[in-house]
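Student: Starting from these lines, generate the structure:
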Amino acid sequence: MNLDVLFDASAKPKGAAPDSITIRRPDDWHIHLRDGAMLRAVLPFTAGQFARGIVMPNLVPPVTTTEAAEAYRSRILAARPSGSDFQPLMTCYLTDDTSADEIEKGHSEGVWIAAKLYPAGATTNSHFGVRDLRAIRAVLERMERIGMPVLIHGEATDPAIDIFDRESVFMQDTLLPLLGEHQGLKVVIEHVTTEETVAIVRAHAPRVAGTITPHHLMINRTSLFQGGLRPHLYCLPVAKREHHRIALRRAATSGDSCFFIGTDTAPHLASLKEAACGCAGVFGGATALQTYTQVFDEEGALDRLEGFASLNGATFYGLAPNTGTIELHRRPAAVLAAVPVDDGEVVVFRGDEKLPWSIGEVRP
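Tutor: Below is the predicted model:
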């Protein structure tokens, strides 16, 4: 048992799951905060649960320069709720034209913690992304030398490939050769969705890690069509078969340090999700930590939650764990079904449910 997890001294039978736990404040190593009114609407939910967060750079236009990252960080800090100490960790959006010198400059100045590799066309606002890995070979070599991680959206983009196979194809055709060519490069495979990718992460740890989202732990591909089309569960990578979901739950709760939180919370207006060609993304920022806690509870692994939520990611990125704590209580919690944004709204993942775990006191 992780001794850093402080269990509530309740009068429960020996071996029974606790009704309250206190863990170090967690971090979210993969968030989409958007900008403007959307940023101001969704940031309080992430800031209320997490002390730090790695912010994705796929704005329009994308965050490709140190100056753009600094400006975006300033807008995030200005949008924090009063009294919040949430710290955004910025990333560079890689393109075929990215300069290795610009990458090193931003990293050495402490602006960028990592760079994000989107295969062009793979997901939301990825059309500026990398079309040919050969174009960024010098960038990856520089990142390997300076110890800067690359965060990879691991899906093939050939439209002829079945959407449920695009992660597996990418891992075999692109990721494994990349790992072989750049054997010192630190890599995070973002939002892992398959049993095979879980095995790849383990086989190449500790220089390779994987983030796991709350929604991929809760839904499988059948969930998208349960009782009708469920556009607010559509994300990329798309949810897979049930045996993959089970593999993800086992990986997250295993205690293996190569897996950690990355919610991939990705807000879109409901009008853009409920459309003829709806956007990909699940807004899980409002319910993420409660969902993770529920999963660990169901898997009998509450004593391993702190490692997954608060320690593993910090260790991978070479950062100190947070010193504050957050309480979680086994009592029903109701959350907003949707968050208003200007004249629209963003639907909250599991916002129509009563969650079995509640967030208690947060101590900085």
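
Student: what's the offset of stretch 235-250 from the middle of its chain?
Tutor: Put simply, stretch 235-250 sits 15 Å off its chain's centre (C-alpha atoms, centre = their mean, to the nearest Å).

Student: tell me which residues in it are buried?
Tutor: Neighbour counts over stretch 235-250 (16 or more other C-beta atoms under 10 Å) mark 235, 236, 237, 238, 239, 240, 244, 245, 247, 248, 249 as buried. Using the backbone N, CA and C atoms, a C-beta is placed for each residue, glycine as well.

Student: how about the helix or strand residue 197 falls within: buried residues?
Tutor: Per DSSP states H and E: residue 197 is located in helix 195-204. Buried residues in helix 195-204, counted by 16+ other C-beta under 10 Å: 195, 197, 198, 200, 201, 204.

Student: ok, and what's touching the helix or strand just after it?
Tutor: As assigned by DSSP H and E, the chain's next helix or strand after helix 195-204 is strand 208-212. Strand 208-212 is contacted from outside by 29-30, 179, 186-192, 197-198, 200-201, 248, 251-252, 258-262, 264, 312-313, 316, using C-beta atoms under 8 Å, 6 or more residues apart in numbering.

Student: circling back to that earlier point, in helices, which of the buried residues of stretch 235-250 appear?
Tutor: 244, 245, 247, 248, 249 (DSSP state H).

Student: just the residues you listed now: which is nearest residue 120?
Tutor: residue 244 (25.6 Å; C-beta to C-beta).

Student: Let me see the confidence value for residue 14.
Tutor: At residue 14, the model reports a pLDDT of 43.

Student: Ignore what I typed, I meant residue 9.
Tutor: For residue 9, the model assigns a pLDDT of 30.

Student: Mind putting the ones in helices among the buried residues of stretch 235-250 into JSON lines with pLDDT?
Tutor: JSON lines is the format used below for those (pLDDT from 0 to 100):
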{"residue": "244", "pLDDT": "98"}
{"residue": "245", "pLDDT": "98"}
{"residue": "247", "pLDDT": "98"}
{"residue": "248", "pLDDT": "98"}
{"residue": "249", "pLDDT": "98"}
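
Student: Contacts for stretch 230-238, please.
Tutor: Taking C-beta under 8 Å, 6+ apart as the rule, stretch 230-238 contacts 122-124, 153-155, 163-164, 166-167, 191, 193, 213, 215, 219, 221, 223-224, 239, 264, 266, 270, 273-275, 278, 280-283, 347, 349.

Student: tell me which of the buried residues of helix 195-204 is nearest to residue 291?
Tutor: Closest to residue 291, out of all of those and judged by C-beta to C-beta, is residue 198, at 19.0 Å.

Student: Tell me which two in the buried residues of stretch 235-250 are the farthest apart.
Tutor: Across the buried residues of stretch 235-250 (C-beta to C-beta), the longest gap, 20.4 Å, separates 236 and 249.

Student: what bits of the stretch 1-150 of the chain have low per-residue confidence?
Tutor: Within the stretch 1-150 of the chain, the stretches with pLDDT under 70 are 1-15.

Student: Show me where it has its helices.
Tutor: In the stretch 1-150 of the chain, the helices defined using DSSP state H, counting those that start in this stretch lie at 36-47, 66-79, 100-108, 137-146.

Student: and residue 330, which of those helices is closest to it?
Tutor: helix 36-47 (21.1 Å).

Student: could you measure residue 30 against residue 344, distance?
Tutor: 24 Å (C-beta to C-beta, to the nearest Å).

Student: repeat for residue 324
Tutor: 34 Å.

Student: who's more crowded, these two?
Tutor: residue 344 (16 against 13; other C-beta atoms under 10 Å).

Student: hmm, back to that, out of the buried residues of helix 195-204, what pair is the most spread apart?
Tutor: Every pair of the buried residues of helix 195-204 checked by C-beta to C-beta; the farthest is 195 and 204, at 15.7 Å.

Student: Could you list which of the contacts of strand 208-212 belong to strands?
Tutor: 29, 30, 187, 188, 189, 259, 260, 261 (DSSP state E).

Student: For the fourth one, give me its contacts.
Tutor: Residue 188 makes contact with 29, 114, 149, 150, 151, 152, 208, 209, 210, 211, 262, 316 under the criterion C-beta under 8 Å, 6+ apart.

Student: Good, we can wrap up now.
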